[in-house]
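Chemist: Generate coordinates for the sequence data below:
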Amino acid sequence: MTFSDKVKKTIQSQYTSNLVDGFYRPLLNEAKLYQRVSGYFSTAGLDLYADGLEELAKNGGKVQFIISKEISESDYTKIKAGYELLNELKPLKLAERNDKLTSKAQQQLGNLAFMIAMGRARIKVALTSQGIFHDKFGLISSESEYVFFSGSANETKSGISKNYESISVDVS
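Modeler: Numbering: from 1, shown residues only. Predicted coordinates for the structure are as follows:
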């Protein structure tokens, strides 16, 4: 599977605004894998393009994050709850898993924790010997095409929609 011509034509080499509608949503709607490295991270940032993540999951896709340890207690709790539910679901039969993975569970957990519980998202924390992990780049891919981006934008609500940020984009 490749990205559609419509999406390919909209990809710019650089973005300083409109990251959600101009970049994330169109690509994630057709992607199979979203890999992101971000110094700062918040689930509120992901919520801005949750519909794109939902389409990615419907396509059988996955999300992988490497983030710094600098996250809110609320986000830590959500991520932990997602992994706890994932571990609880592992020994169950498919029908039993589906009984627990309801839209009510999604509302209670939040989008990221729900994707973790479904086995569609994975979070890793980067540790450093001093200072904080502060790299920022990502890869959004279909089965055969890749979109790499890097720049100043963190995976937070402010980094994606409020701050003046810049990302550069390269396409395979």
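
Chemist: Tell me the secondary structure at Val63.
Modeler: Three-state call for Val63 (DSSP: H, G, I helix; E, B strand; the rest coil): strand.

Chemist: Show me what it bridges to in the sheet.
Modeler: Per DSSP bridges, the residues bridged to Val63 are Tyr34, Ala121.

Chemist: count of neighbours near it?
Modeler: Neighbours of Val63 under the rule other C-beta atoms under 10 Å: 22. (Glycine included, C-beta is placed from N, CA and C.)

Chemist: what about it, distance to Glu96?
Modeler: 24 Å (C-beta to C-beta, to the nearest Å).

Chemist: how about the helices in this structure?
Modeler: Ranges of helices in the chain, per DSSP state H, are 5-10, 19, 25-30, 43-47, 50-58, 73-89, 94-100, 103-109, 111-117, 157.

Chemist: Check the ones you listed for me: which has the lowest mean pLDDT.
Modeler: When the helices of the chain are compared by mean pLDDT, helix 103-109 comes last with a mean of 77.

Chemist: Now do it: everything it contacts.
Modeler: 78, 81-82, 85, 114, 117 (C-beta atoms under 8 Å, 6 or more residues apart in numbering).

Chemist: can you do 7 Å?
Modeler: Contacts to helix 103-109, defined as C-beta atoms under 7 Å, 6 or more residues apart in numbering, come from residues 78, 81-82, 114, 117.

Chemist: Pick the most buried one from the helices of the chain.
Modeler: Greatest average neighbour count among these goes to helix 111-117 (a mean of 25), per mean count of other C-beta atoms under 10 Å.
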